[in-house]
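1. When you get a sec, could you give me coordinates for this:
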Amino acid sequence: MAPVATILAVAAAFLCTQHAAGVQLAVTPVEKVITLLRVLKMEITRDAMMEARTYDQFACFCKDLTDKKIEVDHIWPRQH
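-> Okay, here's the model as predicted:
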């Protein structure tokens, strides 16, 4: 659940560590783009789930509040 910048920073640190240790990693630009797209997909999916959960909570709140107002209107009708 880390932002893209954090994930990229961790990946860059890992690659620098591996390079400093003498390990040659053959990561092509296409592989980097694919990795970034996968990370972006995960973040978008997570954000969509969180937004849907928030929407559901708000919708329930609105329904409950409306039901209470309708109930009060039946108990104490408005005087015009």
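2. now the residue nearest the centre of the chain: how far from Glu31?
-> Centroid check for the chain by CA atoms, centre = their mean gives Asp47 as the closest residue, at 1.9 Å. Note on Asp47: its distance to Glu31, by CB to CB, to the nearest Å, is 25 Å. Using the backbone N, CA and C atoms, a C-beta is placed for each residue, glycine as well.
3. ok so, going back, so where does the residue nearest to the centre of the chain fall, helix or strand?
-> helix 29-75 (DSSP states H and E).
4. low pLDDT regions in the chain?
-> Scanning the chain for pLDDT under 70 picks out 1-5, 7-24, 80.
5. ok, now with 50
-> Residue ranges of the chain with pLDDT under 50: 1.
6. What's the local residue count around Lys63?
-> Lys63: 10 surrounding residues under other CB atoms under 10 Å.
7. so what secondary structure elements neighbour the helix holding Asp47?
-> Using 3 or more CB pairs under 8 Å, 6 or more residues apart in numbering; DSSP states H and E as the contact definition, the elements that helix 29-75 packs against are helix 4-20.
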